[in-house]
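Undergrad: Predicted structure and sequence below. I'll ask about it afterward.
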Amino acid sequence: MDNNLSHLEHIKADSNFLRGTIEDGLGDPVTGAISEDDNKLLKFHGSYQQDDRDLRDERRKQKLEPAYGFMIRARLAGGIVTPRQWLAFDHIATNWATRGLRITTRQTFQLHGVPKQNLKRAIQAIHEAMSTTLAACGDVNRQVVSSVNPLLSSQHRIVQEWTEKLSAHFLPHTRAYAEIWLDGKKISNEPEDEPLYGHTYLPRKFKIGIAIPPTNDIDVFAQDLGLIAIIENGMLQGFNVAAGGGMGATQGDDTTYARLGSLIGFVTPEQLIQVAETVVTIQRDFGNRAERQHARLKYTIDHRGLEWFKSELEQRLGYSLLPIRPYHFNHNGDRYGWIEGEDGQWHLGLYIEAGRISDTHENRFLTGMRELAQVHQGEFRLTCNQNLVIANVAAADRTRIDELVRQYGLDGYHKHSGIRQHSIACVALPTCGLAMAESERYLPELLPKLETLLAQYNLLDAPILLRLSGCPNGCSRPYLGEITLIGRAIGRYDLRLGADFTGQRLNILYRENIAEPEIIKILDTLFSAYARTRGQNEKFGDFLIRTEIIEAPSQRLIPIVLDATT
Ligand code: SRM
Ligand code: SF4
C-alpha cells in the first residue's frame, strides 16, 4: 500500500473487513482495554474505547490502568425508537453502563462506561431489539437523520421511509459484525466484499440528513449530503441537494474549517439513492486518504472546485441534476408540548437537558421514561437537538402520559426560557478523549446565569440558539449557534456569535480563550443592546449583524448556489 496513506488506511486495509483482532482483545482478561488499532476498527462496529478522565490522575498515582469503559452508539435511522427498543436500551443503561441514556445530536442513543466484559451482551441486546450499532461510527455513512416527526403528515412519513432506505443502502456488508458480536463464529466461507465502500471504506466519516422545510431542526447545511424535502400541494416532489457541509475544525489549523453545504440541484425521489450513492463513491475515490484532517467531502469539494464536483457527479450519473426548487426555513430547534398530527394522533415534545436521561439526586428521568415506555402504545422520536418526542398518542391516552411526565419532572418544557429550549451541549468530559473543556456538565451552570441576565432585559422568552462544545470538533454543531462557546482549556472558551436562527449562516469568532466572567460581561452588554434596539421579531444573531456588532461572515462560508433557478 502507498506509504503516503494515513496509518488508519493501513489498519483498514489489513483488517479483513473490520475484524482486526477485536475478538482476541475482548477475551483478554488482563486489561480492560483493547489494542489501539482494534479501537480504531471498533468504531465501525459502533463503539469507542474511552476512559473516565475524572479518575485519570488518581489511578495514575495508584499505578492502575485508566478506568476503561466503552461508549456504544446505536443506529436508529431518523431517531425512531419503539417502546420495546426503549426498554432494551434502558436495560443496558441500568445494568451495564454508567451514565444512563444519552440522546445525541444525530438523534440516536449513546451509552457510556460499558466495561469490556459486557460489551458483547450489550450489543447483542441491541440487535435482539431489532436495532444495530453497525456503522454508527467509523469511516462510513453514519446514522441518517431527518426532521421530526414522521407522523405529523403522510409526507413526513414518506420522508422517513427515504431516510430508512438511505440508511439501509449504506450499511457495510462485512460479516465481521455478526461474527464478533452475534454468534461468535464464522458464518460463511464465501469470499467477502464491500461492493460500495471497497475494503478500505471511506476516507472519513460521511453524514446524510433530510430536512423538511420550514423546519431546519437537523441543520441540513452541516451534513456532507444535506437533502431538503420539497413538498408541493401536499406531495413530496423530491429533494434539493446540498453537498459538502461539515462542522469539524482543528485548533490552530486554519486549513480546517466549518463549511455549509453548497446547493447543487434537485433530484426526484426515484433518483435519490443513485445520486446519494454517486456522491459517496466520488468521495470514496477522491477524498484525501493521506491526511485525515482534510479527508471530509467539504475539503474534496473545496480542493477540486464545486464545478468539478458537480460535473463529476453528473458524468457518473449520466444526467444533469434538475434546477433547485424554492424552499424556506423559518426555524431551527424543536417544538415542545402537544402537537396534533394530520391523522388526529398526538405528539408530545419534551426538553431534555443536553440529551442526558439518567437518575440523579435532582431527577429520575431514566425511571420516568422507563415507565412511559411500559405504557406507551406509539413510539418515541429522538431529535437532533438532543430532545425527544412521545409520538403517536391517542387523544384518550394523553392524560395518562401527561401524569407520568409531570410525576417525573419531564414537564419542564412548559416553563423553560427561550435560550434553554434552544440549547445544545456536546458530551465532552469526562468520557470524550478529545475534550479541552467541560460542555454537557457546564450547561446546567451556565444557563441560570444567562437566564438571570435575560430576565433583567425582559428577554426570557427570546429563542436564542446556544451551542456548547468542549473542543473545535463541533459535535453540537457550534458554528451554527447564535451564541457559541468552544472549549480551549478547562474553564476557557472561544466565544462565537452571529449565526442565524435557521441554520443558514455560520457564526464568527468574537473573543478568543476567555473565562466565564468575561463571557457574562460581554453577553450582558449585548443582551442590553438587543433589548433596547432590536427590530420586531428580529433574532439575536441577525441583530448582531445588522447593528455591525459583528461583521457578516466571509463569502466562503455562505452556501454557494450553482445554477440557482426556480
Ligand atoms: Fe462528534 C468525535 C460525540 C455529533 C464532529 N464525537 C467525537 C467523539 C467520538 C470523540 C472521539 O473521536 O474520541 C465524541 C464522543 C464523546 C463521548 O464521550 O460520547 C463525539 N459527536 C458526538 C455526539 C455524541 C455529541 C453529542 O453530544 O450528542 C454526537 C453523536 C452523533 C451520532 O449520534 O452519530 C456527535 N460530531 C457530531 C456532529 C454533529 C452532527 O453530525 O450533526 C459533528 C459535526 C458535524 C460534522 O461531522 O462535521 C461531529 N465528532 C466530530 C468530529 C470532527 C469531524 C471533522 O470533520 O473534523 C470528531 C473528531 C474526529 O472525527 O476526528 C468527533
Ligand atoms: Fe468531544 Fe469535542 Fe465532540 Fe465535544 S465537540 S464531544 S469535546 S470531540
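TA: Looks like it came in fine. Fair warning: this is a prediction, and the values are worked out from it, not measured in the lab. Ligands and ions are numbered 1, 2, ... in the order given.
Undergrad: can you give me the strands in the stretch 301-450 of the chain?
TA: Here the stretch 301-450 of the chain has its strands, by DSSP state E, counting those that start in this stretch, at 337-340, 346-350, 356-357, 379-382, 388-393, 423-425.
Undergrad: To clarify, my last question referred to the stretch 51-200 of the chain.
TA: Counting by DSSP E, counting those that start in this stretch, the strands of the stretch 51-200 of the chain are 68-73, 80-81, 101-103, 109-114, 145-146.
Undergrad: Next up, the contacts around the closest residue to ligand 1 within the chain.
TA: Nearest residue of the chain to ligand 1 (CB to the nearest ligand atom) works out as Gly248 at 2.1 Å. The way it works is simple: take the backbone N, C-alpha and C, and place the C-beta from them, glycine included. Contact analysis of Gly248 by CB atoms under 8 Å, 6 or more residues apart in numbering lists Thr256, Ala258, Arg296, Pro472, Asn473, Gly474.
Undergrad: hmm, back to that, which of the strands of the stretch 51-200 of the chain is buried the deepest?
TA: Mean neighbour count (mean count of other CB atoms under 10 Å) peaks for strand 145-146 among these, with a mean of 31.
Undergrad: now that one: mean pLDDT?
TA: Across strand 145-146, pLDDT averages out at 98.
Undergrad: TSV for the strands of the stretch 51-200 of the chain, including distance to ligand 1?
TA: What follows is the strands of the stretch 51-200 of the chain, written out as TSV (distance: least, CB to the nearest ligand atom, whole Å):
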stretch	distance to ligand 1
strand 68-73	5
strand 80-81	13
strand 101-103	7
strand 109-114	5
strand 145-146	7
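Undergrad: ok, now how distant is the residue minimising distance to the centre of the chain from ligand 2?
TA: Central residue of the chain (CA atoms, centre = their mean): Arg106, 2.7 Å from the mean position. Arg106 sits at a distance of 12 Å from ligand 2 (criterion: CB to the nearest ligand atom, to the nearest Å).
Undergrad: isn't that residue right up against Ser146?
TA: No: contact criterion CB atoms under 8 Å: Arg106 and Ser146 do not qualify, at 10.7 Å.
Undergrad: quick one: low-confidence parts of this structure?
TA: Scanning the chain for pLDDT under 70 picks out the ranges 1-3, 184-188, 554-566.
Undergrad: Count the neighbours of Gln536 for me.
TA: Counted with other CB atoms under 10 Å, the neighbours of Gln536 add up to 4.
Undergrad: Please, where are all the helices along the stretch 351-500 of the chain?
TA: Secondary structure of the stretch 351-500 of the chain (DSSP state H, counting those that start in this stretch): helices at 365-375, 398-407, 418-421, 443-456.
Undergrad: highest average neighbour count across those helices?
TA: Per residue and on average, the most neighbours among the helices of the stretch 351-500 of the chain fall to helix 418-421, with a mean of 22 (mean count of other CB under 10 Å).
Undergrad: Outside of that one itself, which residues are in contact with it?
TA: 333-334, 336, 351, 353, 413, 447, 450-451, 454, 459-464, 466, 483.
Undergrad: hey, what's in contact with both of Arg106 and Ser146?
TA: Shared contacts of Arg106 and Ser146, defined by CB under 8 Å, 6+ apart, are absent.
Undergrad: Any chance of CSV for the contacts of Gly248, columns distance to ligand 2?
TA: Listed next are those as CSV, based on distance: CB to the nearest ligand atom, whole Å:
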residue, distance to ligand 2
Thr256, 13
Ala258, 12
Arg296, 15
Pro472, 7
Asn473, 4
Gly474, 6
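Undergrad: now those residues: which count as buried?
TA: Thr256, Ala258, Arg296, Pro472, Asn473, Gly474 (16 or more other CB atoms under 10 Å).
Undergrad: what residues are up against Ala290?
TA: Counting by CB under 8 Å, 6+ apart, Ala290 makes contact with Asn4, Leu5, Ser6.
Undergrad: can you give me phi and psi for Ile522?
TA: In terms of degrees, to the nearest 10, the main-chain angles of Ile522 are phi -60, psi -50.
Undergrad: Okay, it and Pro463: tell me how far apart.
TA: Going from Ile522 to Pro463 by CB to CB, to the nearest Å gives 20 Å.
Undergrad: if we can go back for a sec, using ChimeraX, make a named selection holding only the buried ones among the contacts of helix 418-421.
TA: To isolate the buried members of those in ChimeraX, using 16+ other CB under 10 Å:
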select :333,334,336,351,353,413,447,450,451,454,459,460,462,463,464,466,483
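Undergrad: Can you check which of the strands of the stretch 51-200 of the chain gets nearest to Tyr177?
TA: Proximity to Tyr177 (CB to CB) singles out strand 68-73 among the strands of the stretch 51-200 of the chain, at 13.2 Å.
Undergrad: can you put the helices of the stretch 351-500 of the chain in JSON lines and add distance to Gly265?
TA: Output for these, formatted as JSON lines (distance: least, CB to CB, whole Å):
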{"stretch": "helix 365-375", "distance to Gly265": "42"}
{"stretch": "helix 398-407", "distance to Gly265": "43"}
{"stretch": "helix 418-421", "distance to Gly265": "35"}
{"stretch": "helix 443-456", "distance to Gly265": "39"}
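Undergrad: and of the ones you listed, who's closest to Thr547?
TA: Among the helices of the stretch 351-500 of the chain, helix 443-456 comes nearest to Thr547, with 18.1 Å by CB to CB.
Undergrad: The closest one close to ligand 2?
TA: No: against ligand 2, helix 443-456 shows no contacts by CB under 6 Å from any ligand atom, the least distance being 11.8 Å.
Undergrad: quick check, that helix touching ligand 1?
TA: No: Helix 443-456 does not reach ligand 1 (CB under 6 Å from any ligand atom); its nearest approach is 10.5 Å.
Undergrad: quick one on the thing from earlier: of the contacts of Ala290, which is the nearest to ligand 2?
TA: With CB to the nearest ligand atom as the yardstick, the closest approach to ligand 2 among those comes from Ser6, at 18.7 Å.
Undergrad: ok, back up a step: is the residue of the chain closest to ligand 1 part of a helix or strand, or is it coil?
TA: Under the three-state scheme (DSSP: H, G, I helix; E, B strand; the rest coil), Gly248 adopts coil.
Undergrad: where does it sit relative to Gly20, distance-wise?
TA: 25 Å.
Undergrad: what does Gly244 give?
TA: Counting by CB to CB, the gap from Gly244 to Gly20 is 31 Å.
Undergrad: again, but for Glu538
TA: Distance, Glu538 to Gly20, using CB to CB: 54 Å.
Undergrad: go on, Leu101?
TA: 29 Å.
Undergrad: Same check on Arg53?
TA: Between Arg53 and Gly20 the distance is 25 Å, computed by CB to CB.
Undergrad: give the contact list for Leu236.
TA: Counting by CB under 8 Å, 6+ apart, Leu236 has contacts Gln155, Ile158, Val159, Ala229, Ile230, Pro269.
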